[in-house]
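*Asks:* Turn this into a model:
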Amino acid sequence: MGTPTRDELFLSVIEKNKGIIYKIANSFKKDEEDKKDLVQEIILQLWRSFGSYDNKSKFSTWMYRVALNVAIASYRKEKSHNEVTGPIPDRVMDFAGEDILMEREHELNLLQKFISELKELDRALMLLYLEERSGKEMADILGLSETNIRTKINRIKEQLKQKFSKINS
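*Replies:* All right, here's what the predicted structure looks like:
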């Protein structure tokens, strides 16, 4: 059997890492059709960029960077198209799994709501943080320094704590 073609290699790595694409689409879009459109746009951009992948970082890191850039660009385009001036309140990130206990579900829903109200870069950063990506991986994906990543995460965590404190008091 010969070496796989570019098409076969691309399909193989997309299949292996498709969870990244769906996680990002679920994080940035609420409507199912919008999610499908974003998934399609991410895959199209990954295909266009596939030849430029240089093995300097893990494929999944590169894939996150491309997918997040597409999602953020889509969000900005939609935001400017709709002339929205504040955060979109109905953007709820879909991190919830079916095995989450009932008493934690309310807290998780609040966390998702609060994260969805963050700026798009901060939202992307929290998505990676919740995925337990390393500081170096997050820095590579987002094009920031590790120090900047740590600082931003700490500030975001403090913002989220304050929002939870307001709810609980």
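*Asks:* pLDDT averaged over the helix or strand encompassing residue 136, what's the number?
*Replies:* Assigned by DSSP states H and E, residue 136 belongs to helix 135-142. When pLDDT is averaged over helix 135-142, the result is 89.
*Asks:* quick one: buried residues of the helix or strand that it is followed by?
*Replies:* Using DSSP H and E, the helix or strand that follows helix 135-142 in sequence is helix 146-168. By 16 or more other C-beta atoms under 10 Å, the buried positions in helix 146-168 come out as 149, 152, 153, 156, 160. Using the backbone N, CA and C atoms, a C-beta is placed for each residue, glycine as well.
*Asks:* again, but for stretch 30-48
*Replies:* So for stretch 30-48, counting by 16+ other C-beta under 10 Å, buried means 35, 38, 39, 41, 42, 43, 46.
*Asks:* for those, which one is nearest residue 118?
*Replies:* Lowest distance from residue 118 to the buried residues of stretch 30-48 (C-beta to C-beta) belongs to residue 38, with 18.2 Å.
*Asks:* SS state for that closest one?
*Replies:* Three-state call for residue 38 (DSSP: H, G, I helix; E, B strand; the rest coil): helix.
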